[in-house]
Each structure stands twice: as structure tokens, then as C-alpha cells.
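Asks: coords please:
(4 chains)
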Protein chains: 2
Amino acid sequence: MKDVAAAAGVGLKTVSRVVNEESGVSPAMAARVRAAIAELGFRRNDSARLLRTGSTASVGLVLEDIGDPFSSTLSRGVEAVAREHGCLLFAGSSAEDPDRERELALALCARRVDGLLVVPAGGDHGYLLPETASGLAVVFLDRPGAGIEADAVLSDNAGGAPAGTAHLIAHGHRRIGFVGDLPHIHTCAERLRGYREAMGTAGLPVDERWIATGPTDPATVGRAVRRLLTDGPDGRAEPVTALFTANNRVTLAALQALAGLPARPAVVGFDDLELAALLSPGLTVVAQDPETLGRTAARLLFDRLGRDTSPPRRVELPTRLIVRGSGELPPA
Amino acid sequence: MKDVAAAAGVGLKTVSRVVNEESGVSPAMAARVRAAIAELGFRRNDSARLLRTGSTASVGLVLEDIGDPFSSTLSRGVEAVAREHGCLLFAGSSAEDPDRERELALALCARRVDGLLVVPAGGDHGYLLPETASGLAVVFLDRPGAGIEADAVLSDNAGGAPAGTAHLIAHGHRRIGFVGDLPHIHTCAERLRGYREAMGTAGLPVDERWIATGPTDPATVGRAVRRLLTDGPDGRAEPVTALFTANNRVTLAALQALAGLPARPAVVGFDDLELAALLSPGLTVVAQDPETLGRTAARLLFDRLGRDTSPPRRVELPTRLIVRGSGELPPA
DNA sequence: CTGAAAGCGCTTACAG
DNA sequence: CTGAAAGCGCTTACAG
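Replies: Next comes the predicted model:
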């Protein structure tokens, strides 16, 4: 910019005016500046501009895994809203590791993103307190944050999980397995609670051996599914006749495991899958709307940037039971 | 930082040394600085640091749609490599719109990202010339760039598309429909070329009415599929007995359309889908490896940042035919 | 309509 | 071991 000013024989501020299309520059001068800009191939450095301005026109998004369908659909919603606000999006994955979440979130803070959207991996977000104290806006998605007062946008797990479980019960199932991811993850815990609630409401006992939580790799989930379906001999639990799978990766792994087994338990999954309707039977799910989740959280974030100082809100988005066949199979 | 220096009664540079854990600060002084940092809640502004340093420790990624499974898996690969290099990732979607691609890419350039990864939407990337001239590294993914000399990492369309088509021919099909997205998109054009090549190699004529390209929304693809399968009366083309669907969204939409039809054509899709193995019949595909695509492109980008000045390379990643049933159905 | 000075929050290059 | 000065590339606040 200094070079442009020198080349055009004008002051720095005049170049700035032309670059920013501010009014009050004589046409002759503007033309001279534009010529110099073209000749030198000048392009304004926005990082420098934003340093002076105070904002960074960017938001950070900490996901579980940028490549997961749930996360990426959520990102699409966030990106759309960020775009509307002229903001660029930093995206990164925590891989469900609290240290990585923290590291990533703080790196984003150090860049002074205007706002931060976090799908929590860890159970304590107190590390963000100094950041919010100095003006950072934070919104949690999919799971609430802890150790800090901030907005959260979640799916209605407390409504969806009982609805899915009750659907299986309504189709005659009394022994229903719950397959979830790590039990300390908020969504897993909430959905498990919902499962128990629906069983209780129906007056059905829950055998703790029907509950399988853990890593979501196909091998682990496969073992869990086989166990749930074959327990029974030697005084162990009776096999379940239906499965409630608590998220997209668990459902996928469970379906893969079932493909290799003779048993045809009923299945209701939490989260929709891309080809769910084309399976036979079609996969009955409790669908979330990850794109709206992302949009809603981003809107809330920008409201906060716009000096909305009302108390932190918790928004719950409805889930929707989509009946396609797998959840209506009768008990074996 | 100035405040910290004042509070600790030291010079600015000493604070900088402590913050950056540089050696050569007396323990007493360091302790005093650290106390001031804690008290004031000081956190270094990386944007300011990077302005001075010259790099931004960030890369930009311009995708077609951050929420698409192909794009997001690709992002996962890019992110992993960026992380290894201590870089943050800006991600954005072009929505297959050349203007948005350009706008997004230039916004990223204005932020002075160290490198740019672009899945081209437009057919001319000459607008990046001034950027690369001043040191920006650019790598194209999935499709080559145009109007600029730069690296490109692609899937082997020229090998994969004929392989998929030949697979259908080997199972007895002579009238095979090609369903693709917009014909000007490089991958669509290449795959169509591969389809024609395989048909030619087998000595089979191609009726132009067997080729359907256009938007990938379910309605449009559905119409195309129905037309391909029912043409025949009143002197029009004979219906096809098999479909080669040229990417993930087209395949998905085609399968949805087929679910509502009596016909059971053989299908081979380009791109794998999450539940492909669980359909009945299983979906035979020519699989790409989007994560490796992303990783490879990001590695190439960082090589370039490391002053690798060899001539631009074009890397082609192999595709893999995965046989699952739908591609082996005999002609009706 | 135009521009010189100060400053955004850091680091670099240098001197003590 | 320590720090004052200059500068990264811009904008803000002000004066003419």
C-alpha cells in the first residue's frame, strides 16, 4: 500500500480510500491510484486490516469429526449463516478428545475469532472463561458445555429417545437392547435415560446386560450386537428382540453386524442415514436435523455478537420419528 | 502485552520472550512477568503475531459443498495434514458456482492463507495468477484447474469409468445408460468419455439418448432414470438394461427413483456410499478414496510451501471396483 | 478533496 | 540477561 501510494504520488490514506471505495476522492486521483494498484498487482491484506479494525470476520467451529455426516451437515448450516454475515469459517475436529478440543478452541481464540461454536468433547469448558470475559461469543452445539455459562443448541434427546423406544414397545417388543457410544458423552447418556424412561413408562424391566456402550468401531459394536442377540443360555440375560441404536455410527456398525447374522431384530436408530429408506426393510429412525442445528447455533452466535446480552439460552430442536419398516418388525 | 510489561515493570521484549518461552530471561523476571500475565488474563494475539511474522499458519479449502460426504471426507484428509503442520483450516463451499468459488478463494487470499486447496467449480482460475506470483501455493483437487499452472490431485477417472462400464458389459449388458451431473464438470466429462471408451472397446454402439446429464436433484435424476428405462415405443431408443451413475449424488438419486419402479436394471455407481454394502442387492461401485485425495493434495501443498519448486504435478489416485451385486444383475 | 501522525498487537534487529 | 526503536500492512482520528 505504501508502494502504491509512492507510485501514484499520493498519500497512504488516499490509497486506502480508493481500495475501500470511500467517497471523496477526485476522479483523477482515483484513476492514478487504480493504475498504480494494477501495475503493482496490489491486493489488500485483510489480516492487517482486521487487526486494526478489531474484528476478524471469522468464526471457529470445533467438531467431533469434520468427515462425519452428522458433523459435516451441521457445518453446512453454520457455513451458510457465516456467509450471510460475511464471515469466514475455521473448522477443526476434536476426535472426541478433550485435550484436542481445548487445544483447538484456544488456538482459535488466539486468532481472535469473533465467535466460537463447539461440539463439546470434554466435560469442562472453564478454560474459555477468560476468553468470554474479554468478549468472545461461544455457543455449544449438540451437547451442552460445562463450567461456563453459554448458549447451547441441542436436539430433543429427552423426547426423541423415549419416542423411538416406545415405538419398539408398541410393536410388541419387551426385551430391547440399547447400543450407544461412550457413556460419558451427553447425547449417549440422555438417550439412555430416555430409553429407560420409556421402558419404565411401559412397565417393562430393564436388564443391565441389554445396555451396551463403548467405542463405535465396527468390531466393538459387532461384538455387542452379537452378545445382545445370543445371550440366554447358562443363566444369562434373555436375548433381546429389538435394538435401539443411539447414533449414526452405532447404527451403521450394528446394521453391518446384523447383515452377517441370521437374527432379524427390529431396529430403531437415532440419526438418519443417507440410504436408510432404501434398505429392506427400510430403517426406522429418530431423525435429527443437523443442518438446522448448525444454522440455529450460528444465528444465536451472531445475535450475541450483535450485543444480545440476555441470559444464556438452551434451544432444543425437535426430533422426528420416521417409520420405514425396521422398527415395525415383530418380536422373533 | 504493553499492559503486562507495565504491570511487571519490564520491557515489551521481555514479555515477548516469556510468552514465547525463549531462553535468556532470569527466573525472577520471568516469574514477575508470568504473575502479571495471570493477573491481567493476558493471551497473546496470534493474528498480530502472524502479521509480523509473514505467515498465517492457515490454509484455505474451497469445496463444492462442505456437507457432502465426498467433500467432507476429503476435508478430513486435508485437516489431518494441516494439523501435522500446525495450520488451521478455513473451509468453504462454492456450491458449484464459479462466482462463489472465485469470491471465496480471493477472500482467502486476502487473508493471506499460506496455501489454497480448490475443488474447481469454474473453468478459469487465471484470477489466482497474481496470488501465486506473490507466493501463494495452490493445489487443485478432484478436478484440474484451468488458466494457471498448478498441481492437481485427481482420481483416476480415465481408468475407473471404463472399468465400471466394462463390468456391466461383462455381465451381458449392451444397452447401458450413463447418468451424470453437469456435463461441463471435469469429472462428469471424463467419466462419460470413459463410458464411451469402454463401449467402443466392446464394439457396442452408444445411442446418445442413453446419456443423461444435468442437475443432481432427485426429481431431475428420477425423470432421467425413468426415461432411460422406458424409452422404446414409437421409434425412440430401446430401454437400457443397466445404469452407470457417475457420482455419489447421482447414484443416490437414481437408487431412490428405482425404488419406485418395477424395473431392476444393473447399476454401477462411481463413488462409494455409506450403506452400499447393506442394500439388496449390494451396490457395486467404482470407489474413490476421498480422504487420501485430501491428504495427498495437502501434502503436496505443504511441499510447495517448503519451497519445492519442481514443475507442477498431476497426481492420479487409483479407483477400485467393489463388486457387491447390483452390477452383476443380468439384463432383463 | 487530501494526507501526516498515531496505533492495532505483536516480532525483528540491534544495542547495551 | 534486558529493552528501546522500528516495522508488519493496514485504519482511525484529525487537521488542513
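Asks: so what's the nearest residue to A:Ser155 once chain neighbours are set aside up against?
Replies: Leaving aside its chain neighbours, A:Ser155 sits nearest to A:Gln288 (4.4 Å; criterion: C-beta to C-beta, 6 or more residues apart in numbering or on different chains). The way it works is simple: take the backbone N, C-alpha and C, and place the C-beta from them, glycine included. The neighbours of A:Gln288, taking C-beta atoms under 8 Å, 6 or more residues apart in numbering or on different chains as the test, are A:70, A:155, A:160, A:270-272, A:317, A:319.
Asks: distance-wise, check A:Val19 relative to A:Pro318.
Replies: Counting by C-beta to C-beta, to the nearest Å, the separation of A:Val19 from A:Pro318 is 47 Å.
Asks: what about A:Leu229, neighbour count?
Replies: Other residues lying near A:Leu229 total 21 when counted by other C-beta atoms under 10 Å in any protein chain shown.
Asks: hmm, it is touching A:Ala266, no?
Replies: No: if you go by C-beta atoms under 8 Å, A:Leu229 and A:Ala266 don't touch, sitting 11.7 Å apart.
Asks: where does A:Arg295 sit, in terms of helix or strand?
Replies: Using DSSP states H and E, A:Arg295 falls within helix A:290-305.
Asks: list the buried residues for that helix?
Replies: For helix A:290-305, the neighbour count (16 or more other C-beta atoms under 10 Å in any protein chain shown) marks A:290-302, A:304-305 as buried.
Asks: do the same with stretch A:144-156
Replies: The neighbour-count check on stretch A:144-156 (16+ other C-beta under 10 Å) flags A:144-145, A:148, A:150-156 as buried.
Asks: how about CSV for those, with pLDDT and secondary structure added?
Replies: Shown next, in CSV, are these (pLDDT from 0 to 100; DSSP: H, G, I helix; E, B strand; the rest coil):
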residue, pLDDT, secondary structure
A:Pro144, 96, coil
A:Gly145, 96, coil
A:Ile148, 96, coil
A:Ala150, 95, coil
A:Asp151, 97, strand
A:Ala152, 97, strand
A:Val153, 98, strand
A:Leu154, 97, strand
A:Ser155, 97, strand
A:Asp156, 97, coil
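Asks: quick one, what contacts the nearest residue to A:Asp151 once chain neighbours are set aside?
Replies: Spatially, and ignoring its direct neighbours in sequence, A:Asp151 is nearest to A:Val139 (4.5 Å; C-beta to C-beta, 6+ apart). A:Val139 makes contact with A:115-118, A:150-153, A:297-298, A:300-301, A:304, according to C-beta under 8 Å, 6+ apart.
Asks: just checking, A:Ala246 touches A:Phe270?
Replies: Yes: between A:Ala246 and A:Phe270 a contact is recorded at 5.1 Å, counting by C-beta under 8 Å.
Asks: follow-up on the earlier one: adjacent strands (with direction) for whichever strand or helix holds the residue nearest to A:Asp151?
Replies: According to DSSP H and E, A:Val139 maps onto strand A:137-141. As defined by DSSP bridges, the strand partners of strand A:137-141 come to strand A:115-118 (parallel), strand A:151-155 (parallel).
Asks: relative to the whole chain's centre, how far out is the last one?
Replies: Mean-position distance between strand A:151-155 and its chain equals 10 Å (C-alpha atoms, centre = their mean, to the nearest Å).
Asks: quick check, central residue of chain A?
Replies: Centroid-nearest residue in chain A, with C-alpha atoms, centre = their mean: A:Ser71, separated by 4.7 Å.
Asks: list the helices and strands the strand or helix carrying that one packs on?
Replies: For A:Ser71, the host element (DSSP H and E) is helix A:69-84. In terms of contacts (3 or more C-beta pairs under 8 Å, 6 or more residues apart in numbering or on different chains; DSSP states H and E), helix A:69-84 is packed against strand A:58-63, strand A:88-93, helix A:290-305, helix B:69-84, strand B:88-93.
Asks: return the distance of that helix from the chain's centre.
Replies: Distance, centroid of helix A:69-84 to centroid of chain: 9 Å (C-alpha atoms, centre = their mean).
Asks: may I see the buried residues of that helix?
Replies: If you call a residue buried by 16+ other C-beta under 10 Å, then helix A:69-84 has these buried ones: A:69-83.
Asks: again, but for stretch A:230-250
Replies: Those would be A:231, A:239-250, for stretch A:230-250 by 16+ other C-beta under 10 Å.
Asks: mind listing what the residue of the stretch 201-332 of chain A found nearest chain B touches?
Replies: Closest residue of the stretch 201-332 of chain A to chain B, C-beta to the nearest C-beta: A:Leu275 (4.0 Å). Shown in contact with A:Leu275 (C-beta under 8 Å, 6+ apart): B:252, B:255, B:273-276, B:278-279.
Asks: from A:Ala7, how far out is the residue in the stretch 1-150 of chain A positioned nearest to DNA strand D?
Replies: Nearest to DNA strand D in the stretch 1-150 of chain A, going by C-beta to the nearest atom of the strand, is A:Met1, at a distance of 2.9 Å. Look at A:Met1 and A:Ala7: by C-beta to C-beta, they are 11 Å apart.
Asks: in terms of pLDDT, where does A:Gly232 sit?
Replies: pLDDT for A:Gly232: 60.
Asks: all helices of the stretch 201-332 of chain A, in order?
Replies: Secondary structure of the stretch 201-332 of chain A by DSSP state H, counting those that start in this stretch: the helices cover A:218-230, A:248-259, A:290-305.
Asks: and the helices and strands packed on helix A:69-84 as TSV, adding distance to DNA strand D?
Replies: Below are the helices and strands packed on helix A:69-84 laid out as TSV (distance: least, C-beta to the nearest atom of the strand, whole Å):
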stretch	distance to DNA strand D
strand A:58-63	16
strand A:88-93	16
helix A:290-305	16
helix B:69-84	23
strand B:88-93	19
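Asks: need the ones you listed in a markdown table (columns: mean pLDDT and distance to DNA strand C).
Replies: Formatted as a markdown table, those follow (pLDDT from 0 to 100; distance: least, C-beta to the nearest atom of the strand, whole Å):
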| stretch | mean pLDDT | distance to DNA strand C |
| --- | --- | --- |
| strand A:58-63 | 97 | 16 |
| strand A:88-93 | 98 | 18 |
| helix A:290-305 | 96 | 17 |
| helix B:69-84 | 97 | 21 |
| strand B:88-93 | 98 | 17 |
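Asks: any stretches of chain A with poor pLDDT?
Replies: A:232-236 (pLDDT under 70).
Asks: pick the one among the buried residues of helix A:290-305 closest to A:Gly60.
Replies: A:Leu301 (10.2 Å; C-beta to C-beta).
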